[in-house]
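Chemist: fold the following.
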Amino acid sequence: MKRNIFFIVLALTIVVIIFLSMRLSRDTTEELEILTQTKKGVFKVEIISAGELDAKNSVNIEGPFGLRRARIWEVKIEDMVDEGTVVKKGDYVARLDAAELSDRIQNEENDLVQSSSQYTQAKLDTALELRQERDNMINLKYDIEQKRIALEQSQFEPPATIKQAEYELEKASRTYEQALVNYDLKVEKAIAQVTEARSEMLEDKRWHEFLQSLQDKFNIIAPEDGMVIYKRNWRGEKQGVGATVRAWDPVVATLPDLSKMISRTYINEVDINYVSEDQEVEIGLDAFPDKKLSGTVVEVANIGEQRPNTDAKVFQILIEIHESDTTLRPGMTTSNTILAEEIPDVLFIPVECIHSQGDSITYVYRKTGLGYSKQEIKTGISNSDETIVLEGLEEGDILYLSDPPGSEGKNIQLLSSS
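Modeler: Next up, the predicted model:
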């Protein structure tokens with residue numbers, strides 16, 4: 001009797017173990033079968049890219065425009081208020097390094113002292129020379145009178161003596177007339193010398209005054225009210241203290257108009273054909289994850305560029321934000337979802353369902369009853385999450401999101417044979 005009870009208990013135990021094993025195996029299989037269903041409806045082609053906020057309009061805070069005239073090609077920013085500082089018109093913003101300009105001013109002061117001295121010397125030299133010439137002409141005039149008197153007194157002398165006196169008077173007259181002509185020439189020469197010396201002095205003086213006025217402009221002030229935003233160089237780096245301001249690009253910082261903002265983003269060359277002006281954009285902010293904004297594509301670059309630290313060519317896109325929000329600040333990171341196209345009444349599936357064999361066959365794992373098939377499909381365009389299916393599937397088909405167990409050796413059901 002005890003033996004029969006033992007066999008009955010043993011049999012029940014084995015049945016329970018088999019039941020639990022089958023249940024566990026079924027649960028494990030169900031856990032591995034991550035499934036989804038084909039959908040039919042409006043398919044949205046969306047392009048997602050990260051961007052950065054910037055003001056649509058801004059006023060440049062610029063350094064002095066006379067740098068090129070002063071032959072100073074670049075200067076460093078010696079001091080600058082912190083980025084984000086709110087300033088009023090006329091407030092201090094930055095100071096440029098004036099070391100090179102100070103050397104120029106010192107050299108020009110030396111030149112001005114020298115040219116002033118040369119101008120004074122020219123006036124004195126010409127005054128002395130002309131006075132000497134005037135004295136000489138007075139003496140020549142006296143000489144003519146003496147010669148005339150001598151001629152008058154020689155009337156009773158032999159003809160030869162009279163003739164000699166006439167020659168002496170004529171010679172003295174010619175000398176006097178020549179001295180008058182020479183005096184006029186020397187006056188013109190003196191005027192030219194003094195004018196030249198005066199022009200050089202005035203030029204040095206004007207240049208010195210210009211350099212001094214330029215030095216005053218090395219303290220940069222705000223042209224308008226606003227928030228100071230540092231300028232960025234071609235690598236996207238902010239130009240703060242120690243950065244270089246160049247004569248041909250004197251912008252030190254900007255004062256953005258925060259009432260109108262744009263998102264500046266870059267689209268890969270693979271996707272640029274889907275982007276055009278006037279497309280609607282959904283905009284998210286990393287700083288405020290719960291805040292959603294809307295915008296419109298207002299500019300698409302015609303020429304691609306290569307951004308730092310990347311090999312791909314990208315095109316700059318400007319998106320104007322519709323909303324005006326006081327919390328928006330230049331430099332904030334944005335997530336831009338551009339609605340490139342909407343296609344109605346199409347069948348589409350998640351991109352995770354799609355597999356490929358070589359470059360020619362695209363297929364999915366479709367659930368069929370208790371099993372599955374490896375079905376070839378023909379696909380259309382894709383977005384970041386889903387792909388349009390043109391052939392091979394129907395609405396409501398159940399698909400695997402991951403490879404089912406033992407799928408490696410299963411044959412693909414081709415479109416031509418399905």
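Chemist: quick check: chain neighbours aside, which residue is closest to residue 362?
Modeler: Excluding the flanking residues, the one nearest residue 362 by C-beta to C-beta, 6 or more residues apart in numbering is residue 356, at 5.2 Å. Every residue, glycine included, has its C-beta placed from N, CA and C.
Chemist: now swap in residue 134 and tell me
Modeler: Spatial nearest neighbour of residue 134, excluding adjacent residues (C-beta to C-beta, 6+ apart): residue 183 at 7.3 Å.
Chemist: surely that neighbour is within a strand?
Modeler: No: applying DSSP: H, G, I helix; E, B strand; the rest coil, one finds residue 183 to be helix, outside a strand.
Chemist: what's the burial count for it?
Modeler: 15 (other C-beta atoms under 10 Å).
Chemist: wait, residue 151 touches residue 167, no?
Modeler: No: the criterion here is C-beta atoms under 8 Å, and residue 151 misses it with residue 167 at 9.7 Å.
Chemist: neighbour-wise, which of those two wins?
Modeler: Ranked by neighbour count (other C-beta under 10 Å), residue 151 and residue 167 place residue 151 first, with 20 against 12.
Chemist: quick check: pLDDT value at the nearest residue to residue 257 once chain neighbours are set aside.
Modeler: Using C-beta to C-beta, 6+ apart and skipping residues adjacent in sequence, the residue nearest residue 257 is residue 57, 4.4 Å away. At residue 57, the pLDDT value in this model is 87.
Chemist: in three-state terms, label residue 259 for me.
Modeler: State at residue 259, reduced to three classes by three-state DSSP: coil.
Chemist: from residue 226, how far out is it?
Modeler: 11 Å (C-beta to C-beta, to the nearest Å).
Chemist: the two: who's more crowded?
Modeler: Ranked by neighbour count (other C-beta under 10 Å), residue 259 and residue 226 place residue 226 first, with 22 against 12.
Chemist: ok, the more buried one touching residue 255?
Modeler: Yes: if you go by C-beta under 8 Å, residue 226 and residue 255 touch, sitting 3.3 Å apart.
Chemist: between those two, what contacts are shared?
Modeler: 59, 87 (C-beta atoms under 8 Å, 6 or more residues apart in numbering).
Chemist: what about residue 397, how many neighbours?
Modeler: With other C-beta under 10 Å as criterion, residue 397 counts 18.
Chemist: show me where the stretch 251-400 of the chain has strands.
Modeler: 251-256, 261-268, 280-285, 292-300, 305-306, 313-321, 333-350, 355-357, 361-368, 371-376, 378-382, 386-391, 398-400 (DSSP state E, counting those that start in this stretch).
Chemist: any chance of TSV for the ones you listed, columns mean neighbour count and mean pLDDT?
Modeler: As requested, the strands of the stretch 251-400 of the chain are exported to TSV (neighbours: other C-beta atoms under 10 Å; pLDDT from 0 to 100):
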stretch	mean neighbour count	mean pLDDT
strand 251-256	22	90
strand 261-268	22	92
strand 280-285	20	93
strand 292-300	16	94
strand 305-306	10	86
strand 313-321	20	94
strand 333-350	17	91
strand 355-357	12	85
strand 361-368	19	90
strand 371-376	18	88
strand 378-382	15	89
strand 386-391	18	92
strand 398-400	19	92
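Chemist: dump these to CSV, plus distance to residue 98.
Modeler: Putting the strands of the stretch 251-400 of the chain into CSV (distance: least, C-beta to C-beta, whole Å) gives the following:
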stretch, distance to residue 98
strand 251-256, 14
strand 261-268, 34
strand 280-285, 41
strand 292-300, 39
strand 305-306, 36
strand 313-321, 36
strand 333-350, 37
strand 355-357, 66
strand 361-368, 68
strand 371-376, 74
strand 378-382, 59
strand 386-391, 61
strand 398-400, 71
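Chemist: domain ranges for the protein?
Modeler: 48-57+258-344, 62-97+220-252, 101-216 (automatic domain parsing).
Chemist: good, we can wrap up now.
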